[in-house]
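Student: Whatever this is, show me its structure:
(one chain, ligands or ions: 1)
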Amino acid sequence: MSVKVRFAPSPTGMMHVGNARTALITWLFTRANNGHFLLRIDDTDQERSKKEYEDAIEEGLKWLGMDWDSKARQRERMDIYNEKIEELKSKGRLYPCYETPDELDLKRKSQLSRKLPPIYDREALNLTQEQKSKYEAQGRKPHWRFKLEHAPIEWEDIIRGSVKFSGADMSDPVLIREDGSPLYHLCSVIDDMEYGITHVIRGEDHVSNTAAHIQMFEALGAKVPTFAHLPLLSDMEGGKLSKRLGSLSLKDLRDEGLDAMAVVSLMARLGSSDPIEPFTNMHDVIEKFDLGKFSRGTPKFDDKELYRLNAKILQIYSYNDVKNRLADMGLAEMDEEFWNAIRSNIESLKNAKEWWQVAKGPVTPIIEDKDFALQAMELLPPTPWDENTWQEWTNAIKEKTGRKGKQLFMPLRHALTGMEHGPEMQQLLLLIGEEKVKERLQYKQAAA
Ligand code: GLU
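Tutor: The predicted structure is shown next:
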């Protein structure tokens, strides 16, 4: 059987690690099965959907190395939704309701106070034609609910195993708003059916929706797809990631200098029984992908892990692998020798920029003790320098001045970099080079 799968984001906010994970797993499953990947933009929420978010979703997917075989926008599919609405009405599965949001709220509160589950009581099913006309005359417009069958609903979920619901324990879902516009449940089911989606992979926040969707597929005479509900990511304390999602948008991670393959490597494995390992190309990720290895447990997202993976990936990259990206960051002049010297010492390409700036300048040295700086300069070992030069130099200074620890190292760092913290001095010394090292140690603005 050939698989057809979709990723269906709502363009109502920035794409973050959570959606990126769903997108990636969905995409990897499709590619691993030589299937068809549909990008479906769920933009029926007219107020919150924005073109800029849709663009950011596409950009984010491309950045991570994903492509799509076709694309659809729900807003452009109203004709087909209306056609299916008529079908559901004629089958008696859609019914008009006239309660206002306040009235519904009141019902819910009263049920809860009586310790009853807040399930819609279907009062609207008993309305006579006369009552309906009366509401209409008052200017009330109906919203429409799908009439669930009070029967067991069961499916075999790729991740959750056997899942059971009962139609009797659920509220009839609202499919059409008062203004006549169709809602997510309706559009999603019709699209999945019309596009022949074989596997629906999405977050576990949709599990109860799926129970209702299954009855909707059946009511429309469609084949029910296979479902896989992924647990949502949590933060390291097990709390919701949503609070931090602002800082975890794909755009921010990219601006931080993270490599797309670090995000891919983590998201392709987090929550699965396969180990997390650094991948440098998508081909290998697809080859080794297995949806069956994902479990129900909530995976914890750790951004430190992302940086660790990034560092490992950068160590693997040759100069040619990063050349264009360095140029995009204004580092076109960085050569292969420089890259090879720093690549084991950086966590992100942003660090590469720091190394470059410190090595090449301009740097404003901080000189607290002019004599010490001059003394240090005189003790510089002769060139050519190598990996041992820093050690030799600082040993000589220690011997001559009696300084050690912080007293010894801090003034040198201050003088050579103008900063409190920064890259390893041992490597940095070589990258700055003799001429600039001497220049900085003799910085003329030195305090007396
Ligand atoms: N637009 C929905 C969401 O972002 C899609 C869920 C689904 O995959 O059906 O949650």
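
Student: When you work out contacts or count neighbours from here on, use the C-alpha atoms and nothing else.
Tutor: Fine.

Student: Poorly predicted segments of the stretch 201-350 of the chain, please.
Tutor: Within the stretch 201-350 of the chain, the segments meeting pLDDT under 70 span 242-247.

Student: What residue in it comes nearest to the ligand?
Tutor: For the stretch 201-350 of the chain and the ligand, the shortest gap (C-alpha to the nearest ligand atom) falls at residue 202, measuring 4.8 Å.

Student: Could you verify my assumption that that residue touches residue 230?
Tutor: Yes. Contact status for residue 202 versus residue 230: in contact at 6.0 Å, counting by C-alpha atoms under 8 Å.

Student: How about the backbone phi and psi for the residue in the stretch 51-200 of the chain that the ligand sits nearest to?
Tutor: Proximity of the stretch 51-200 of the chain to the ligand (C-alpha to the nearest ligand atom) peaks at residue 188, 6.0 Å away. Note on residue 188: backbone dihedrals following degrees, to the nearest 10 are phi -60, psi -50.

Student: thinking again about what came up before, beta-bridge partners for the residue of the stretch 201-350 of the chain closest to the ligand, please?
Tutor: For residue 202, the beta-bridge partners under DSSP bridges are residue 229.

Student: burial measure for residue 440, as a count.
Tutor: Neighbours of residue 440 under the rule other C-alpha atoms under 10 Å: 23.

Student: Tell me who's in contact with it.
Tutor: By C-alpha atoms under 8 Å, 6 or more residues apart in numbering, residue 440 lies in contact with 365, 415, 416.

Student: That one falls within a strand, correct?
Tutor: No. Per DSSP: H, G, I helix; E, B strand; the rest coil, residue 440 lies outside any strand segment and is helix.

Student: Let me see the confidence value for it.
Tutor: Looking at residue 440, its pLDDT is 96.

Student: distance of it from residue 383?
Tutor: Using C-alpha to C-alpha, to the nearest Å, we find residue 440 at a distance of 17 Å from residue 383.

Student: residues near residue 80, how many?
Tutor: 13.

Student: name the element it belongs to?
Tutor: helix 78-90 (DSSP states H and E).

Student: swap in residue 172?
Tutor: Assigned by DSSP H and E, residue 172 belongs to no helix or strand.

Student: Then residue 46?
Tutor: Short version: residue 46 belongs to no helix or strand, going by DSSP H and E.

Student: The one 10 residues further on too?
Tutor: Counting by DSSP H and E, the element that carries residue 56 is helix 51-64.

Student: quick one: pLDDT of the residue of the stretch 51-200 of the chain closest to the ligand?
Tutor: 98.

Student: The one 10 residues further on now?
Tutor: On pLDDT, residue 198 comes in at 98.

Student: would you say residue 117 is within a helix?
Tutor: No. Checked against three-state DSSP, residue 117 lies outside a helix; its state is coil.

Student: quick one, what contacts it?
Tutor: Per C-alpha under 8 Å, 6+ apart, neighbours of residue 117: residue 111.

Student: just residue 285 next, same as before
Tutor: Residue 285 touches 28, 265, 268, 279, counting by C-alpha under 8 Å, 6+ apart.

Student: As CSV, those residues with neighbour count and distance to residue 336 would be great.
Tutor: Shown next, in CSV, are those (neighbours: other C-alpha atoms under 10 Å; distance: C-alpha to C-alpha, whole Å):
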residue, neighbour count, distance to residue 336
28, 25, 34
265, 22, 26
268, 27, 31
279, 21, 22
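
Student: Distance check, the nearest residue to residue 388 once chain neighbours are set aside against the ligand.
Tutor: Excluding the flanking residues, the one nearest residue 388 by C-alpha to C-alpha, 6 or more residues apart in numbering is residue 426, at 7.7 Å. With distances taken as C-alpha to the nearest ligand atom, to the nearest Å, residue 426 is found 49 Å from the ligand.

Student: So residue 426: helix, strand or coil?
Tutor: Counting by three-state DSSP, the backbone at residue 426 sits in helix.

Student: Begin at 31, not 1, for the rest of this chat.
Tutor: Sounds good: first residue 31 from here, last item residue 456.

Student: Show the pLDDT at it.
Tutor: Looking at residue 456, its pLDDT is 92.

Student: wait, residue 373 sits on residue 345?
Tutor: Yes. Contact criterion C-alpha under 8 Å: residue 373 and residue 345 qualify, at 5.4 Å.

Student: who has more neighbours, these two?
Tutor: Neighbours around residue 373 and residue 345, counted as other C-alpha under 10 Å, are more numerous at residue 373. The numbers are 22 against 17.

Student: element containing residue 180?
Tutor: In the assignment (DSSP H and E), residue 180 maps to no helix and no strand.

Student: Just the pLDDT for it.
Tutor: 97.

Student: count of residues packed around it?
Tutor: Other residues close to residue 180 by other C-alpha under 10 Å number 11.

Student: hang on, isn't it packed against residue 197?
Tutor: Yes. Here residue 180 reaches residue 197: they are 4.4 Å apart, a contact under C-alpha under 8 Å.

Student: which helices and strands does the helix holding residue 86 pack with?
Tutor: With contacts taken as 3 or more C-alpha pairs under 8 Å, 6 or more residues apart in numbering; DSSP states H and E, helix 81-94 sits against helix 47-62, helix 290-297.

Student: Let's see that with 7 Å instead.
Tutor: Under the contact criterion of 3 or more C-alpha pairs under 7 Å, 6 or more residues apart in numbering; DSSP states H and E, helix 81-94 touches helix 290-297.

Student: relative orientation of the helix it packs on and helix 81-94 in degrees?
Tutor: If you take axes from the mean of the first three to the mean of the last three C-alpha atoms, to 10 degrees, helix 290-297 sits at 90 degrees to helix 81-94.

Student: Now do the buried residues in the helix or strand just after helix 290-297.
Tutor: Remark: after helix 290-297, the chain's next helix or strand is helix 312-317, criterion DSSP H and E. By neighbour count, with 16 or more other C-alpha atoms under 10 Å as the criterion, the buried positions of helix 312-317 are 315, 316.

Student: Could I have the CA atoms of helix 312-317 written out in CSV?
Tutor: Extracted in CSV, the C-alpha atoms of helix 312-317 (Å, rounded to 0.1, in the frame of the first residue of the first chain):
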residue,chain,number,x,y,z
MET,A,312,18.8,13.6,6.1
HIS,A,313,19.4,10.5,4.0
ASP,A,314,20.7,8.6,7.0
VAL,A,315,17.9,9.9,9.3
ILE,A,316,15.3,8.6,6.8
GLU,A,317,17.1,5.3,6.4
